[in-house]
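Enquirer: Sequence and computational prediction follow.
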Amino acid sequence: MRRFTRASGGWVADRGSRQPGRGAYLCSAKCAERVAKNKRYPGLAASAAEFLKTSSDMLN
């Protein structure tokens, strides 16, 4: 599972699970695709997609 938190510039991957706030957890790449339909977390889908492109730590 990968945690994302909302910062002033948008959603960011919280690699160490240390950033303040509740955050949102994504369990897989498929989950990252589905979050685009969830209006509760605007912008999270784009951040998750960017994370998957740039990270070798893939969500499985």
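Expert: Now that the structure is in, tell me what you want to look at.

Enquirer: Quick check: what element follows the longest strand belonging to the chain along the chain?
Expert: Ranked by residue count under DSSP state E, the longest strand found in the chain is strand 2-7. Counting by DSSP states H and E, the next helix or strand C-terminal to strand 2-7 is strand 10-13.

Enquirer: And the very next helix or strand once past that following strand, what does it pack against?
Expert: Later in the chain than strand 10-13, the nearest helix or strand by DSSP H and E is strand 24-26. Applying 3 or more CB pairs under 8 Å, 6 or more residues apart in numbering; DSSP states H and E, we find strand 24-26 packed against strand 2-7. Yep, even glycine has a C-beta here, placed from its N, CA and C like the rest.

Enquirer: need the contact list for residue 14.
Expert: 3-5, 23 (CB atoms under 8 Å, 6 or more residues apart in numbering).

Enquirer: Same question for residue 19.
Expert: Neighbours of residue 19 in contact, by CB under 8 Å, 6+ apart: 5, 7, 12.

Enquirer: Now render those residues as a markdown table, adding distance to residue 19, neighbour count and pLDDT.
Expert: A markdown table is the format used below for these (distance: CB to CB, whole Å; neighbours: other CB atoms under 10 Å; pLDDT from 0 to 100):
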| residue | distance to residue 19 | neighbour count | pLDDT |
| --- | --- | --- | --- |
| 5 | 4 | 17 | 93 |
| 7 | 8 | 13 | 87 |
| 12 | 8 | 17 | 89 |
